[in-house]
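1. structure of the sequence below:
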Amino acid sequence: MRFHGRSSHAGIAPEEGRSAIQAAAKAIADLRLGRVDELTTANVGTITGGTAGNVVPEWCTFSAEARSHAESTLGDVVQEMLDAFSFAATETECDVETTVRKSYDGYRLKQDEPAVSLAATAFADCGIEPRYGLSGGGADANVFNQRGRRCVNLSHGVFGFHTPDEHVSVADLDAMVDVTVALVGAARA
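-> Predicted coordinates for the structure are as follows:
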């Protein structure tokens, strides 16, 4: 999203300006962010704008995203976002340009599908009990599945994703090497 306002001197003639940052802030304040429901999340990840503390900012850009395992809910959340952006632009007498882009499709695999069974066999061969669940992350597996190559994404024991505390133990990495070797062996069988 890119809001376009009108610059002016913030101390001499602020009333002549239209703050693009204010428009973006209004829009962001109206968004449902975080865990929207058990299958859906939304986030604003970056925001940039302004040129100096004494200038009403003419431009403000930010990126937002929504993810859902329910395609209809995803469409609803994206439309809510677009509506919030339009409303904020109107309220602040700014313009807004939006670009909507789908990064990848979500996917679900059944436990009896070959890719899942193969992974479960490899885990079992390594003495690891597989756990099945949905992920809100995006990976190469999304692209492979979208292109008809059934693929399952395996966790490698990372904790604290995208935080300063993100970590993985050497033992978990070693275990995934064993699982990878077992996957190759199971695929050959």
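
2. closest to the centroid, which residue in the protein?
-> Nearest to the geometric centre of the chain sits residue 65, at 5.3 Å (C-alpha atoms, centre = their mean).

3. what is the burial count for residue 179?
-> 20 (other C-beta atoms under 10 Å). C-beta coordinates here come from the backbone N, C-alpha and C atoms, glycine included.

4. just confirm it is within a helix.
-> Yes - counting by DSSP: H, G, I helix; E, B strand; the rest coil, residue 179 falls inside a helix.

5. now do the contacts for residue 95.
-> Going by C-beta atoms under 8 Å, 6 or more residues apart in numbering, residue 95 touches 3, 4, 5, 89.

6. looks to me like the first one is in a helix.
-> No - using three-state DSSP, the assignment for residue 3 is strand, not a helix.

7. from what I see, it and residue 90 are in contact.
-> No - using C-beta atoms under 8 Å, residue 3 is not in contact with residue 90, being 11.5 Å away.

8. neighbour-wise, which of those two wins?
-> The neighbour count for residue 3 versus residue 90, taken as other C-beta under 10 Å, is higher for residue 3 (30 against 13).

9. how near is that one to residue 180?
-> 47 Å (C-beta to C-beta, to the nearest Å).

10. kindly report the same for residue 60.
-> 45 Å.

11. ditto for residue 41
-> From residue 41 to residue 180 the distance is 29 Å (C-beta to C-beta).

12. what's the answer for residue 131, then?
-> 18 Å.

13. these two: which is more packed in?
-> Ranked by neighbour count (other C-beta under 10 Å), residue 131 and residue 180 place residue 180 first, with 14 against 7.

14. so who does the more buried one touch?
-> residue 122.

15. low-confidence ranges, this protein, go.
-> Scanning the chain for pLDDT under 70 picks out nothing.

16. show me how the chain divides into domains.
-> The chain is divided into the following domains under automatic domain parsing: 2-97, 114-188.

17. most tightly surrounded among those domains?
-> domain 2-97 (a mean of 17; mean count of other C-beta atoms under 10 Å).

18. which other helices and strands does the helix or strand that contains residue 81 contact?
-> Assessed by DSSP states H and E, residue 81 sits inside helix 71-92. Helix 71-92 is packed against strand 2-4, helix 20-29, strand 34-37, strand 40-49, strand 59-68, strand 95-97, with contacts defined by 3 or more C-beta pairs under 8 Å, 6 or more residues apart in numbering; DSSP states H and E.

19. give the pairing partners of the first one; include direction for each.
-> Meaning strand 2-4. strand 59-68 (antiparallel), strand 95-97 (antiparallel) (DSSP bridges).

20. C-terminal to that strand, what's the next element?
-> Criterion used, DSSP H and E; the element after strand 2-4 is strand 8-9.
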